[in-house]
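Enquirer: Dropping a prediction and its sequence here:
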Amino acid sequence: LKNIFGSQVKVVEMQSEAGAAGAVHGSLGAGALTTTYTASQGLLLMIPNMYKIAAEQLPCVFHVSARTVSTHALNIFGDHSDVMACRQTGFAMLCEGNVQEVMDLSPVAHLAALSGKVPFINFFDGFRTSHEIQKIAVWDYKDLADMCDMDAVKAFREHALNPEHPAMRGSHENGDTFFQHREACNQYYDALPEVVEKYMGKINEKLGTDYKLFNYYGAPDADRVIIAMGSICDVAEEVIDYLNAHGEKVGLIKVRLYRPFKAERLIEAIPATAKKIAVLDRTKEPGAQGEPLYLDVVTALANAGITDKTVIGGRYGLGSKDTPPASVFAVFNGLAKAETNGQLTIASTPNTIKGDGLLSYLDLAECAIIGANYKNLNEAMDIAAEHASAIIAATMQTAGDEKTSPKMGATVHAAQVSPFYLQCVIQKPDAPASKGKFFAKEGNLYVGVDNSDGNAWTEEFSDRQQLFLWFAGAPCHDAHGQALNE
């Protein structure tokens, strides 16, 4: 694997995340463009080095699949508690909401780090985004090279530690000078949002997108607005389309550049007609007046002298707790009430709102082994529509016998204990809203579907290939030889 400079990429596995961060720091100091990938407690172990990397203006990017930091119990799944623990390190923070956005915007972090001399945390939701199987458009290396500031690369390499031209790093300072020198970095953080906007503009030109520091979606004259970042934004967009189509006026602001927080751009994105705002954080800060994004929004509005908007904060999705459309509906309904105050805690339930949607769900529970289900899904993705996607959600429960484990679908005997139940979801943008269950019985495969209109039916297939062809809308045959999708 080579990079845009034609050099072989060197991948090094360290013993621990703390060691990895130290290696990244040293590699950057030696003039090598370096990145790392981490999450959760692993990211927290890197914090001491992050302070040094940022203060030394080294153009590094940490790609983080944002995940839970264990508290009262171990949880390896997704929320923003790890990245929020890094706000004070001096790293800039860029967020994406889905797999395509990760591909599109990750170069922004690298390019802006080089030109702006500020390292980045480039983060996206752990599991929900990081583990999604998705068909996306990928970058051409020539396009990436076209956008790269080679003068900044040259300056970085010339700044590297070298015995031929030695320089002092990591000195000790007392109180008479430390404060002044610490404040000297302000100019770089003040200038960084414009650097990010510049590279977002370059990407927009190449891809035809409209990425901004804060993207607004919804009615231009919305009276209720949600501000959030991460994968919840895609869910919120679906709800906003539905509500606005039924006469309501709601909207969403998607936060992309979280640090440095450019308050002026946030205010520009908020419709002047908005009277109530809900700021949703995917983290919990016990004892605080509110969670981090909420406090940033409140401060931005207060500093701008804006007092005609009611702002409430809310927590959602801790530990990969699902936040379905019903939860977003509940937020907008709460904002519509005459009295809106306090903090929201958004909890999801198994119930979903049925209607004319654009997503079709197919549960693959034939096999309780994660790797096998990924193989099944990849096989389905090869056949499925161009924009199909898949996500696996695993719960740490133990399979029992057939009577107590109907979720497994296949016959599961007590002796065949598995550590996971799996729910795999395939989405087809052109399919009607439905929920399905895929299961095995007596050698054949079945798909049972309960459509939103209440009509239930079952298809039977003799092999997995025919089932996937059926789901993709391609011609196939059921277990009885009956032609389907013709």
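Expert: Yep, it's here.

Enquirer: show me the contacts for Phe261.
Expert: Counting by Cβ atoms under 8 Å, 6 or more residues apart in numbering, Phe261 touches Asp296, Ala300. (C-beta placed from N, C-alpha, C; glycine too.)

Enquirer: Distance-wise, check it relative to Val297.
Expert: In this view, Phe261 and Val297 are 9 Å apart by Cβ to Cβ, to the nearest Å.

Enquirer: Then Glu101?
Expert: 21 Å.

Enquirer: same thing with Thr35?
Expert: 30 Å.

Enquirer: Which one of these two is surrounded by more residues?
Expert: Val297 (25 against 20; other Cβ atoms under 10 Å).

Enquirer: where's the more buried one, which helix or strand?
Expert: helix 292-303 (DSSP states H and E).

Enquirer: before we move on, what about Ile121?
Expert: Ile121 is part of strand 120-125, with elements assigned from DSSP H and E.

Enquirer: ok now that strand, how far from the chain's centre?
Expert: 8 Å (Cα atoms, centre = their mean, to the nearest Å).

Enquirer: Kindly report the same for stretch 341-348.
Expert: Centre to centre, stretch against its chain (Cα atoms, centre = their mean), the figure for stretch 341-348 is 21 Å.

Enquirer: wouldn't Leu344 be in contact with Gly313 here?
Expert: Yes. Leu344 lies in contact with Gly313 (Cβ atoms under 8 Å); the separation is 6.9 Å.

Enquirer: Give the residues shared as contacts by those two.
Expert: What both Leu344 and Gly313 touch, as defined by Cβ under 8 Å, 6+ apart, is the set Ala278, Leu280.

Enquirer: just to revisit the earlier point, which outside residues touch the helix holding Val297?
Expert: Here helix 292-303 makes contact (Cβ under 8 Å, 6+ apart) with 84, 87, 227-229, 255, 258, 261, 263, 266-267, 277, 279-281, 283, 285, 288-290, 307, 309, 311, 313-314.

Enquirer: ok so, going back, packing partners for the strand holding Ile121?
Expert: For strand 120-125, the packing partners by 3 or more Cβ pairs under 8 Å, 6 or more residues apart in numbering; DSSP states H and E come out as strand 61-66, strand 92-95, helix 99-116.

Enquirer: what lines up beside the second one in the sheet?
Expert: It stands for strand 92-95. strand 120-125 (parallel), strand 257-259 (antiparallel) (DSSP bridges).

Enquirer: Just the buried ones from the contacts of helix 292-303?
Expert: 84, 227-229, 255, 258, 261, 263, 266-267, 277, 279-281, 283, 285, 290, 311, 313-314 (16 or more other Cβ atoms under 10 Å).

Enquirer: Sort out which of the residues you listed are in strands and list them.
Expert: Ile227, Ala228, Val255, Tyr258, Ile277, Val279, Leu280, Asp281, Val311, Gly313, Gly314 (DSSP state E).

Enquirer: Make JSON lines from the residues you listed and add distance to Glu238 and pLDDT to it.
Expert: Shown next, in JSON lines, are those (distance: Cβ to Cβ, whole Å; pLDDT from 0 to 100):
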{"residue": "Ile227", "distance to Glu238": "17", "pLDDT": "98"}
{"residue": "Ala228", "distance to Glu238": "14", "pLDDT": "98"}
{"residue": "Val255", "distance to Glu238": "19", "pLDDT": "98"}
{"residue": "Tyr258", "distance to Glu238": "23", "pLDDT": "98"}
{"residue": "Ile277", "distance to Glu238": "20", "pLDDT": "97"}
{"residue": "Val279", "distance to Glu238": "20", "pLDDT": "97"}
{"residue": "Leu280", "distance to Glu238": "15", "pLDDT": "97"}
{"residue": "Asp281", "distance to Glu238": "21", "pLDDT": "97"}
{"residue": "Val311", "distance to Glu238": "24", "pLDDT": "95"}
{"residue": "Gly313", "distance to Glu238": "23", "pLDDT": "93"}
{"residue": "Gly314", "distance to Glu238": "18", "pLDDT": "92"}
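
Enquirer: between those residues, which is closest to Ala20?
Expert: In terms of Cβ to Cβ, no member of those lies closer to Ala20 than Tyr258, at 23.3 Å.

Enquirer: Can you tell me how far the closest one is from Gly170?
Expert: 28 Å.

Enquirer: do Ala272 as well
Expert: Distance from Ala272 to Gly170, by Cβ to Cβ: 49 Å.

Enquirer: And for Thr283?
Expert: Between Thr283 and Gly170 the distance is 32 Å, computed by Cβ to Cβ.

Enquirer: what about the closest residue to Ser106 other than its chain neighbours, neighbour count?
Expert: Setting aside the residues directly before and after it, Ser106 is nearest to Asn122 in space (Cβ to Cβ, 6 or more residues apart in numbering), at 5.5 Å. Neighbours of Asn122 under the rule other Cβ under 10 Å: 25.

Enquirer: Ile47 too?
Expert: Count around Ile47 with other Cβ under 10 Å applied: 15.

Enquirer: so what's it scoring on pLDDT?
Expert: We have a pLDDT of 97 for Ile47.

Enquirer: Same question for Ile312.
Expert: In this model, Ile312 is scored at 94, pLDDT.

Enquirer: now it: how far from Pro325?
Expert: Taking Cβ to Cβ, one finds Ile312 at 20 Å from Pro325.

Enquirer: Equivalent analysis for Asn341, please.
Expert: 25 Å.

Enquirer: quick check: longest helix of this structure.
Expert: If you go by DSSP state H, the chain has its longest helix at helix 186-207.

Enquirer: which secondary structure elements does the next helix or strand after that one contact?
Expert: Once the chain leaves helix 186-207, the next helix or strand it forms, by DSSP H and E, is strand 214-218. Contact here means 3+ Cβ pairs under 8 Å, 6+ apart; on that basis strand 214-218 packs against helix 232-245, strand 250-255, helix 263-269.

Enquirer: and these as a markdown table, adding distance to Val195?
Expert: As requested, the helices and strands packed on strand 214-218 are exported to a markdown table (distance: least, Cβ to Cβ, whole Å):
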| stretch | distance to Val195 |
| --- | --- |
| helix 232-245 | 23 |
| strand 250-255 | 18 |
| helix 263-269 | 13 |
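
Enquirer: Any stretches of the chain with poor pLDDT?
Expert: 348-474, 485-486 (pLDDT under 70).

Enquirer: so what's Gln41 up against?
Expert: Gln41 neighbours (Cβ under 8 Å, 6+ apart): Glu17, Val69, Ser70, Asp82.

Enquirer: how about it, phi and psi?
Expert: Main-chain dihedrals, Gln41, degrees, to the nearest 10: phi -60, psi -30.

Enquirer: Start the count at 194 instead of 1 going forward.
Expert: Sounds good: first residue 194 from here, last item Gln234.

Enquirer: Tell me the spacing between it and Ala412.
Expert: According to Cβ to Cβ, Gln234 stands 42 Å off from Ala412.

Enquirer: got it, and Pro464?
Expert: 8 Å.

Enquirer: shared neighbours of the two, anything?
Expert: Taking Cβ under 8 Å, 6+ apart as the criterion, Pro464 and Ala412 both touch Gly444.

Enquirer: Just give the nearest non-adjacent residue to Lys477, would you?
Expert: Closest to Lys477 by Cβ to Cβ, 6+ apart is Arg508, at 5.7 Å.
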